[in-house]
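J.: what follows is a protein structure lacking sequence information:
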């Protein structure tokens, strides 16, 4: 597994970020620094919250999900991958997170006014929009009158540790710099650094991290096996069709049966059967 050891985890890593933000005092201060606001109190952080809207729907696991005393909801995420796929998907991902939060907040039959104000926050170790800014904040504006804001209570903020931090408020700049370099240069980032070190010595969380790594490894291995098996099945189907085409036009129901068969050994046996069959009727009679 090409993964960091537990002792090597930094605040920029999802697992470490989620655990450090379980410290209520730190979580509250991080939100205040990021958003430039004062928060009286927050509900105890519910880290790695998983929201399932339906049994068939895609679930969302969030690094940090908290609410303050005014019922404003905050979702904060770390983002490390800076490839084109991440850049393309990040705006849509923020939209999906916002939607799934709203669906989770409002109960069926309640008025829309019951929706809480909310912030979706992405802390990125890459520039998500390529403008060199340390922060990108998005709210809905009227195209005809840019001074008119759609007061729907939603804000999406993207922070860039590689942005021009000299332009940032001092505390925010020091925080983003700490994520980028691990160099603590303020009282708060020193406190953060101590919390990261404390987390690295938590045996319970070490075991939890190793369990997650093993689970992720098993999922990836299963995906590889399934992919290889599906590729083999596709190749076998093509071989069957090559032989059957010489026997005449393949009936649609026969195609459907071949396509719906997931048994690799059976498909392999059909290749041999197709190769020696005299006609399509002979093949279909002996398929079982």
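T.: On my side now, so go ahead. The shown structure was predicted, so the numbers you read here are calculated from the model rather than taken from an experiment.

J.: low pLDDT regions in the stretch 151-288 of the chain?
T.: Applying pLDDT under 70 to the stretch 151-288 of the chain picks out residues 215-226.

J.: can you do 90?
T.: Applying pLDDT under 90 to the stretch 151-288 of the chain flags residues 151, 206-249, 251, 262-265, 267-268, 271-279, 281-282, 285, 287-288.

J.: which parts of it are strands?
T.: Secondary structure of the stretch 151-288 of the chain by DSSP state E, counting those that start in this stretch: the strands cover 154-160.

J.: which stretches of it form helices?
T.: For the stretch 151-288 of the chain, the helices defined by DSSP state H, counting those that start in this stretch occupy 170-181, 187-200, 203-245, 252-260, 264-276, 280-285.

J.: dump the ones you listed into TSV; add distance to residue 25 and mean neighbour count as well.
T.: Glycine gets a C-beta too; all of them are placed from N, C-alpha and C. Shown next, in TSV, are those (distance: least, CB to CB, whole Å; neighbours: other CB atoms under 10 Å):
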stretch	distance to residue 25	mean neighbour count
helix 170-181	15	19
helix 187-200	9	16
helix 203-245	18	13
helix 252-260	58	12
helix 264-276	56	15
helix 280-285	72	14
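
J.: could you dump the ones you listed to CSV with distance to residue 134?
T.: As requested, the helices of the stretch 151-288 of the chain are exported to CSV (distance: least, CB to CB, whole Å):
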stretch, distance to residue 134
helix 170-181, 6
helix 187-200, 16
helix 203-245, 30
helix 252-260, 53
helix 264-276, 53
helix 280-285, 67
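
J.: out of those helices, which gets nearest to residue 24?
T.: helix 187-200 (11.6 Å; CB to CB).

J.: residues in contact with that closest one?
T.: The contact list for helix 187-200, computed with CB atoms under 8 Å, 6 or more residues apart in numbering, reads 6-7, 9-11, 16, 19-20, 23, 26, 29, 33, 171, 174-175, 177-178, 182, 184, 205.

J.: how about 7 Å then?
T.: For helix 187-200, the external contacting residues (CB atoms under 7 Å, 6 or more residues apart in numbering) are 6-7, 9, 11, 16, 19-20, 23, 26, 29, 171, 174-175, 178, 184, 205.

J.: closest to residue 157 out of these?
T.: residue 175 (13.4 Å).

J.: skip the chain neighbours and tell me the closest residue to that closest one.
T.: The spatial neighbour of residue 175 that comes closest, neighbours along the chain excluded (CB to CB, 6 or more residues apart in numbering), is residue 33 at 5.3 Å.

J.: again with residue 275
T.: residue 243 (5.1 Å).

J.: that neighbour contacts residue 273, correct?
T.: No: here residue 243 lies out of contact with residue 273, judged by CB atoms under 7 Å, at a distance of 8.7 Å.

J.: about what we covered before: look up how far residue 174 lies from the residue nearest to residue 175.
T.: According to CB to CB, to the nearest Å, residue 33 and residue 174 sit 9 Å apart.
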